[in-house]
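Trainee: could you work out the structure for the sequence below:
(chains A, B, C, D and E, ligands or ions: 4)
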Amino acid sequence: MTSIIETKDLTIAFGGHIAVDSVNFSVPSNHFKSIIGPNGAGKTTFFNLLSGQLTPTKGQVFLKGEDITKLSPTERTRKGIGRSFQITNVFPNLTVLENVRLAVQSVAGVRYQMLRHFRKYRQFEEKAYEILRLVLLDNKAGAVAKNLAHGEKRKLEIAMLLALETEVLLLDEPTAGMSLEEVPAILDVIKKIKADGNRTIILIEHKMDMILDLSDSLMVLFNGRFLADGTPEEIMNNETVQTAYLGGLYE
Amino acid sequence: MTLHLKLDAVETYIDQFHILQGVSLEVKRGEVTVLLGRNGAGKTTTLRSIMGLNPPAKGTIEYSGENITGLATYQIAAKGIGYVPEDQGIFGELTVEENMKVAMKKDNEQTKERLDYILNLFPDLKKFWKRSGGNLSGGQKQMLSIARAYVNDNDLLLIDEPSKGLAPIVVEKVMESIQEMKSKTTIVLVEQNFIMASTIGDHFYIIDDGRTILHGEMKELKEDENIRRQYLGIA
Amino acid sequence: SNSTGKNEENTESTNNAGTSNSEGSSNSSDDKKDPIKIGVLASLSGALESYGKQTVKGFKLGLEYATEGTMEVAGYKIEYVIEDTETKPEVAIQKATKMIEDDRVDFLIGSSSSADTLAVLPLAEEYEKIMIVEPAAADSITGADWNKYIFRTARNSSQDAVAGAAAIAGDGVKIATLAPDYAFGRDGIAAFKEAAEKLGADIVHEEYADPAATDFTSNIQKIIDAKPDYLYVVWAGANTPWNQIADMKVQEKGIKISTGAPDIAALATMDALIGMEGFTVYYHTLPKNEVNDWLVKKHNSRHNGEAPDLFTPGGMSAAIAIVQALKNTDGDTDVNKLISTMEGMSFDTPKGKMTFRKEDHQALQALYAIRLEKVDGVDYPVPVLMRELTPEETAPPVRN
Amino acid sequence: MLPKNSSKTNIIYCAVAFLLICYPFLNDSKSMLILFTQVFIFAVFAMSYDILLGFTGIVSFGHAMFFGIGAYTTGIFLKRFDQTILILILSILVAAIIAGVVSYIVGLLSLRLKSHFYAMLTLAFSGLFLVAAEKWRSLTYGNDGFTFPIPDALKDRMTLYFVTLFLMIIVYIALKRFTQSPLGRVLQAIRENEPRVESLGYAVIHYKVIASVVAGVIASFAGSMYVLTLRFVNTSVFAIDVTLDALLMTIIGGVGTLVGAIIGAGLIEFAHHWLTGLAKVHWIFERWMIFFGILYILAVMFFPLGIVGTIKLWAIKRKGKKAEVVKSEKIAG
Amino acid sequence: MDVLINLSINGLATGMLIFLLAAGLTLIFGLMDVLNFAHGGLFAWGAYAGIWSYTMTGSFLMGIICALLAGLLLGLLMEKFIIKPVYGNHIQQILITLGVMIVLSEMLKVVWGPNQLSAKTPSYLAGSWEFGGVIMIKYRLFIIVIGFLVFFTVYYILKKTKIGLIVRAGVMNKEMVQALGINIKKIFMLVFMVGSSMAALGGVLLGPYSGVIYAEMGMEFAILAFIVVVIGGMGSIKGSLFAAILVGLSGAFMAYYVPDLSLAVNMLLMAVVLIFRPQGLSQINGL
Ligand SMILES: Nc1ncnc2c1ncn2[C@@H]1O[C@H](COP(=O)(O)OP(=O)(O)OP(=O)(O)O)[C@@H](O)[C@H]1O
Ligand SMILES: Nc1ncnc2c1ncn2[C@@H]1O[C@H](COP(=O)(O)OP(=O)(O)OP(=O)(O)O)[C@@H](O)[C@H]1O
Ligand SMILES: [Mg+2]
Ligand SMILES: [Mg+2]
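Mentor: Ligands and ions are numbered 1, 2, ... in the order given. Model (predicted):
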C-alpha cells in the first residue's frame, strides 16, 4: 500500500502561535481517513496546508511521492487535491448550476477558451446537473447561490468538490448545519464515492457517529500537534481523546 | 407563566419570494423552545423576522405583551433580545476583544462578571483575545458569536445552531451554560443536533415549508418515535 | 432632407433665418442678400468660463460698434452663433463642425483655450473658412500649426514675453523666472528668455513648478538662492504663488517681481504684489482712444457698471476685423478675397491700431508696461501705465 | 436551454444596428454624425471598461492610460509618416501592442492588490503617462498637443461614422462572445469570489491579466479612433476625466451587460448635447452642468442597477420567475 | 542647512494642510468605505462659505465656524438623501457622488459667480518670521498646530470611544451591529457629518494658504486626499497623517532637488508605496 498523500514535519506558525506543529501524516490511496480534535486544534489549517491555501513555515507535503509544497492551490487542484470549505465558500451571485458548471469546466481543462460560446459545451451542464441530483440540490439549480439556506449551501459546496473529480477529497465538516433528515443522504453520497474506489477521502468532522460509521482510520490533532492515530475503536478508547475532546456525550 | 414571545401567523417575503407562509410561536418565559425542520424550512428566516432583519409582511410579533412588529432591528435588540446568527456574524477585521466591545451594551460590574464567566466557558477566546476574528477557527468563531450574545443582560436569546462546528466537549459546555441561564433568560433555539435539542429543550416546534406544522413538549417528541420519523426523518 | 428642430439653434440676431441653408451659394446680385454668419467658440463653462464670457461680451459690442448698431455690412445682415467649447477639444471640434456645416457660418472666432483652438485649426483649412483666433495665445497657432485661413487678434505668448522683457530687461540685469511646468509656461519662458537676452539681460535661473502645487516654497527658495535682480513670473490658472512669494520675503531680499497683470478677478489675489512692475494686455483705463472710451462706456451701461476685462477688447477686435474686412470686399465672403484683403490690414481697436502681419496673420498690437498700485476706491491692485509698448516693439518673431 | 428572450433581444439589436446604418442617409446633419461617431467611440471604450468592472469586478481609475496610448500612437504616426490607410492601420496595431504590453506589466504589478489599492495604483500609472506626455515634448508637443492630417479617404464624416459604427458592432460581438466563453465565465466567478476560483483549478492572476490586456487593447482602439475624428491630440486623453467618463457610462447603462455601456455612452453624450443646447434657450439652463449632475443622482435612484440591469430585473419580476440566470450577471453590492 | 530646515518646515506645513484635507476622507472613505467623489465639493463649499463670511464679518474665526456649519449641513443632507441608500455599493456610490460633485461645484458658481475669489490671510496670521536664513511663515505654523489638534481629536475619538469600532464593524456587517442593539444608521450619519465638516475645515484653511479659492479646487485636491488615505492605509488616521506629511515633504524636497520629477512626485510616491506596501503605510487595523 503506497501512500497517496503524505506530510513531513508539517508546521505553520501565525505570529507566535504554532497552529500546526511538525505533523507527519500519511494516507494510503483508497483510504478513508478522518481527522478529529478540539476546536482550534489546527484541522482546517492542516487542510489549508494540504490544499495550498497556506504555505508551511516548515516541512513538506507530498502527493504520490512528489513534493508539492511550493505549488499553488490551482496547481494542486489540477494534480488531484480537491477540497470543500468549512465556512461556505461559493459564488454568491451565480446560480447553483453555474457554480458547479465552473468546476466541471475546470476539470475538463477548458480554461482559456475565449472564442466559443460556453453553451456549446452542453456536456458540462449535464454533468453539473447530474452532480446536483446526487446531492439532492437539483431542485435549486436555477437559484442564485446566496439565496440558499445554510444547509443547501453546504450541499452545493460538496457538489463543487465532487465535480472536481480529484483523487483526493478533503472534506471540512461537510454536514455542519445540515438537517437531521438530510445528513443520511449526504452520508450516502460519501459512501457511494468511497465504494467507487480510487478516491482517497480525508474528513474533518465533529459528529462522532458519522466518523465511526465511515472511517477506515482516525487521526487526532491536539493543539496543532499529532496526538494519536488508529482505527476508530482504538481512538474511541483513548483516554486523552475522551477527556480532551469527546467529553461526556459519547461515554 | 406568561408568554414571553408570541408570533401570530407571521408571513415574510425576501425580495419577491414568499419564505414564511404562516409561522406561529408561543414562547414561555424561562423555557427553552427549539425550532426543528429540514434545510430550507424557514427556521433561520423565523429568527430573522423576530429580529426585524427580515420584517414580516403579515402577522404580528409580540414581545412581553408589546407589539414589536415593524420596529427597527436595533430597537428590537435594545429591548433585551440577543441573537446568535447562523453565519456567526463575526467582524472579521476586528479582534476578539473588539468584537466583544462592540457587543457590550454596558460597562459595569455585572458585565465584567459575565465576561469572566464566558472566558471561563470558552478559554480559547481568552487565549486569542487580541487576534482578529477572521483568523479564528470555525469553532472559535462560533464560540465568539455565542459569547457576544451572552455578555449582555438579555431577557431573550435567539440562537441559530450553536452546536454547529463545535467539538463534542464544547457542545456539552454550551448545553450546560444554556441550562444555567434558563432561570433568567428565555431561549429560542434552532438546533440540528438532536441529542442537544432533546436534552435542553422544553418545548419544540417543527417548521416546514415556511409554516409551523407541529408543536408540543420535548418529552413527547423524545418518546414518540413515530413523530420523529414522520417529521424529522430520524429514529 | 430632415432638418426640423434645427431652428432652435439660436442665432441671436434680430431675424432668425431658417432660410440660411436654402441655396448653395449666395449671389451678390440678389435683391435679398443672404446674411453673413459668424460662429463664436468660447468656453462658457468649465475653468475658463470667465475668459469665454469676456470674449463674447466684447464680440457683441464689437459688432455693434463696427456696424454702428445696424448689424449690417455692405447691405448684408450679420448674424452670429455662439457655442460653448467647455474647454474640451472634442467639443470644440463638434461645435465648430456644427457651425460650419449646419449653421453655415462664414467666419469662426475662438477660442478660450489653446488646445481647443489647435483642434479647430484644421477645420478652418478643410472648409476654407477664415478663423480669427481670440484669445488663445499659444505660439504654435500662428507657428507650426498655422494655415492661411488663420488670423489672430489675440496677442501670442511671444508678444507677452517681448512685452515682459521690455518692461524690465536691460544691460546686465539678472533675471530669474518662475512658470508652471507645462507648455504654456515653458513656451512663455523660452520666448521671454530670447527677448530678454536680446536686451542684454542675463537669465540666471529658470524654475518650473507643478501647476497644481500647493507649496511653492522650494521653487522660491531656489530663486532666492540665485540672487537675481528680478523674478519674472509667467502664471495662469487659479492656483497662484503670490502669497508665498510675499511670505518668503522675496521683495525684501531686493528681488523685484514682474509678471503679466491678469484679469480683474485674479488681480484681486495680488495684493501681495503691490509695487510690482510688469506688463498687461489690457486694462480698461490704459489705452487712450475713442474705441476704448466707447467700449468702457457701453460695457458699463450694458453690464450694470462693470468695466471691460482682460479679454473683452479682444472679442471686440475680432468683430471689428471681420466687419472691416467685409467692408473692404463689399460683403463678398469669397475666402481668397478675404485673405488678401486681411493680410496687412490695419483696424482700430480698443487697444489702438492692430495690423495683421502678412507672414503669419498675427495681429501686431500695443501692450502696456505697468506698475501695480493701490488705488482708492478699488479693492484690488490696479495696473498703472508706465509706458505703452508699441506694436513694432512687441512684434514677435515669425515662426510658421 | 437558451432563453427565448435572447432571440427577441437579438432582433432588437439588429433593428437598431440597421437604423444606425440608415441614419446618415436620412439626416445629413454633420454635427449629428459627429455626435454619433463620438457615441460609438465611447461605447467601445466603455465596453472595454465593462470587461474590467462588470465582468471581472476590478475598479480601475487608470483606464485612460490605454485610451491615451491609442490616441498618441495614432496621432504621432500620422504626423510623422504618410497619411495613408496603411500607416493608420499600422499605428492602430502598434498602439494595440503597446497597450497590450503596458496592461500586461501594469496588471502583473497591480492585480494582486486589493480593490481600492488596485484602483489607486492604476491611477498612479495613468498619472505617470500623463506626465510623460507632458514632458516628452519633442514627441508630444506637451499639454497643448498637436494637430495632424488624416488619410483623405477618412476625411468625410460619413465615412468615419460608418467606420466607428462598424468598429463598435464588431467589438460588441467580439466581447459578447468573449464574456460568454468558458474563460469569460471564469472572469465572472472571479468577480464573485476570487479565492474560490483558485481552488477550482484556475490560475486567477492569469485571468485578471487577460481581462486587463483585452480591455487595454480595446481601449486603445477607441483612443485611436477618437483622435482620428479630432485630428488632434493633447494630454487630456490621459486625464482622469476620460476614465471617469467610461466609468459613468458603464455604470449608468448597467455594469456587466456590454449593451449597458453602449446605452450609457449614448445617453451621456446625448444628454450632454441636449443640455448644452438648452443652455442657449433659457438662462435657467446656463448652468446646465447641474442638470447633468442631477441626472446621475436620479439614475442611481431609479435605475440602481443601471438602465439595462434594472430593466432586466423588472422583466424578471414581471414574469414572476424565480432567480434567473440573468440575475447572476449583476455584480455583488 | 537653512535650506534643509526651510524645506522641512514648509514640507511639514504642506503635509499638515493635506492632512486636514484628507482627515475627513479618512473617516468617510477609509473608515466608512464610501467612495465619496463629492468630497472635493465639500472642500470647495467649506472654502467659499468660510472665506465669504470671513470677508463679510472680518473675523477669520467666524469664517471657520461658518465653514464647519456648512460642512455639517451639507454632510447631513448628503447622508440623508444621497449616501444612505448606497452604503456598501461602490458602483452606485461612484455615480451618485460624482453627480453630487457636479451639482455642488456648479452651485458654487450660481451663488458666488464663476470667478475665483481672493482669500486674504487674517492680519494676525500674515507674514513670516526670519531667523538667519530660516523663514517661518506664520500661517503655516498655524496650520501645523490646527493639524495636530484635529489629529489628536480624531485619534482620541476613534481610539478611546467605541465609535470607531462600531463604524468599522458596521461596514463589515451592518445587520449584526444592529442586532447588537446599536443604531448604526445614526452613527453613520454622525460620522459622515463630522467627516464633511472636516473637509470643509480643510477647504477654508486652504484659502489663505494659496490666496485664492475657485470652484475647481475641489476635484484637484480630492485626488490628493484619496492618495493620502490609500497610501496611509484605509481608515487609519495615523496612517493618513504620516502619508500626508510624506507627500508634503517629498513634494518640497523633490521640487528643490529633482525638479524634473516634481510633476510626477505624488503618483510616483503612490506607485512605490503600493508596490512595496500593498496595504498602505499603516498596518491593517493599525488605528
Ligand atoms: N490566519 C490565521 N492567523 C492567525 N491564527 C490563525 C489563522 N488561522 C487559524 N489560526 C489559529 O490557528 C488555530 C487552528 O485553527 P484551525 O482553523 O485549523 O482549527 P480547527 O482545528 O479547524 O478548529 P475548528 O474545529 O474549530 O474548525 C486556531 O487557534 C486559530 O485561531
Ligand atoms: N435572500 C433570499 N432570497 C431568496 N430565497 C431565500 C433567501 N434567503 C433564504 N431563502 C430561501 O428561504 C428558504 C428558507 O431559508 P432559511 O434560511 O430560513 O432555512 P432554514 O430552515 O434556516 O434552513 P437551514 O437548516 O439550512 O439553515 C430556503 O429555501 C432558502 O432558499
Ligand atoms: Mg476548522
Ligand atoms: Mg438556517
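Trainee: from chain B, which residue is nearest to ligand 3?
Mentor: B:Gly138 (4.1 Å; C-beta to the ion). C-beta coordinates here come from the backbone N, C-alpha and C atoms, glycine included.
Trainee: mind checking pLDDT for that residue?
Mentor: Looking at B:Gly138, its pLDDT is 89.
Trainee: need the contact list for it.
Mentor: For B:Gly138, the contact set (C-beta atoms under 8 Å, 6 or more residues apart in numbering or on different chains) comprises A:39, A:44, A:86-87, A:172-173, A:176, B:165.
Trainee: which among those residues gets closest to D:Cys14?
Mentor: For the contacts of B:Gly138, the minimum distance to D:Cys14 (C-beta to C-beta) is 46.6 Å, reached by A:Ile87.
Trainee: quick check: closest non-adjacent residue to the closest one.
Mentor: Residue nearest to A:Ile87 in three dimensions, not counting chain neighbours: B:Gly138, with 6.5 Å by C-beta to C-beta, 6 or more residues apart in numbering or on different chains.
Trainee: quick check: residues of chain B near chain A?
Mentor: Contact residues, chain B versus chain A (C-beta under 8 Å from any C-beta of the partner chain): B:14, B:17, B:36-41, B:44, B:86-87, B:124, B:128, B:131, B:135-140, B:142-143, B:161, B:164-173, B:192, B:194-195, B:232-234.
Trainee: and these, which of them are buried?
Mentor: Buried residues within these, counting neighbours by 16 or more other C-beta atoms under 10 Å in any protein chain shown: B:36-41, B:44, B:86-87, B:124, B:128, B:131, B:135-140, B:142-143, B:161, B:164-173, B:192, B:194-195, B:232.
Trainee: now, which of those residues lie within strands?
Mentor: Among those, DSSP state E puts B:Leu36 in strands.
Trainee: check the buried ones among the residues of chain B next to chain A against ligand 1, which are close?
Mentor: Residues of these in contact with ligand 1 (C-beta under 6 Å from any ligand atom): B:128, B:131, B:135-140, B:165.
Trainee: specify which member of the residues you listed is nearest to ligand 4.
Mentor: Set against ligand 4, the nearest of these by C-beta to the ion is B:Gly165 (13.7 Å).
Trainee: quick one: residues contacting the closest one.
Mentor: Shown in contact with B:Gly165 (C-beta under 8 Å, 6+ apart): A:39, A:86, A:173, A:176, A:206, B:138-139, B:141-142.
Trainee: dump these into CSV; add distance to C:Trp294 as well.
Mentor: Converted to CSV, those look like this (distance: C-beta to C-beta, whole Å):
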residue, distance to C:Trp294
A:Asn39, 92
A:Gln86, 86
A:Glu173, 91
A:Ala176, 90
A:His206, 96
B:Gly138, 87
B:Gly139, 90
B:Lys141, 83
B:Gln142, 87
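Trainee: need the contact partners of whichever strand or helix holds E:Gly147.
Mentor: Applying DSSP states H and E as the criterion places E:Gly147 in helix E:138-160. Contact partners of helix E:138-160, identified using C-beta under 8 Å, 6+ apart, comprise C:247, E:9-10, E:12-13, E:16-17, E:19-20, E:23, E:26-27, E:31, E:121, E:125-129, E:163-164, E:198, E:201, E:205, E:208-209, E:237-238, E:241, E:287.
Trainee: residue 20: neighbouring residues, count only.
Mentor: Defaulting to chain A. A:Val20: 30 surrounding residues under other C-beta atoms under 10 Å in any protein chain shown.
Trainee: um, chain E though
Mentor: So E:Leu20, with other C-beta under 10 Å, has 27 neighbours.
Trainee: ok, it - contacts?
Mentor: By C-beta under 8 Å, 6+ apart, the contact list for E:Leu20 reads E:143, E:146-147, E:150, E:198, E:201-202, E:205-206.
Trainee: can you pick the most crowded of the residues you listed?
Mentor: Among the contacts of E:Leu20, the one with the most neighbours (other C-beta under 10 Å) is E:Gly202, at 30 neighbours.
Trainee: wait, that residue sits on E:Thr26?
Mentor: No. Counting by C-beta atoms under 8 Å, E:Thr26 is not a contact partner of E:Gly202; they are 11.3 Å apart.
Trainee: related to what we said a few turns ago, among the buried ones among the residues of chain B next to chain A, which ones are in helices?
Mentor: Counted as lying in helices by DSSP state H, out of those, are B:44, B:124, B:138-140, B:142-143, B:168-173, B:194-195.
Trainee: isn't there a helix covering E:Leu77?
Mentor: Yes. According to DSSP: H, G, I helix; E, B strand; the rest coil, the state of E:Leu77 is that of a helix.
Trainee: quick check: it vs D:Thr229, distance?
Mentor: 41 Å (C-beta to C-beta, to the nearest Å).
Trainee: any low-confidence regions in the chain?
Mentor: Going with chain A. Scanning chain A for pLDDT under 70 picks out A:1, A:247-251.
Trainee: um, chain D though
Mentor: Along chain D, the model assigns pLDDT under 70 to residues D:1-6, D:319-333.
Trainee: which residues does the residue of chain A found nearest ligand 4 contact?
Mentor: With C-beta to the ion, the shortest gap between chain A and ligand 4 falls at A:His150, namely 4.4 Å. Taking C-beta under 8 Å, 6+ apart, we find A:His150 in contact with A:88, A:177, B:39, B:44, B:86-87, B:161.
Trainee: how about 10 Å then?
Mentor: Applying C-beta atoms under 10 Å, 6 or more residues apart in numbering or on different chains to A:His150 gives the contacts A:88, A:176-179, B:39-40, B:43-44, B:86-87, B:160-161, B:164, B:190, B:192.
Trainee: what is the burial count for the residue in chain C that chain B sits nearest to?
Mentor: Of all residues in chain C, C:Thr214 sits closest to chain B, at 33.4 Å by C-beta to the nearest C-beta. C:Thr214 has 22 neighbouring residues, counting by other C-beta under 10 Å.
Trainee: does the nearest residue to it once chain neighbours are set aside count as helix, strand or coil?
Mentor: Take C:Thr214 and drop its neighbours on the chain: the residue closest to it by C-beta to C-beta, 6+ apart is E:Thr14, 5.5 Å away. Of the three states, E:Thr14 takes helix under three-state DSSP.
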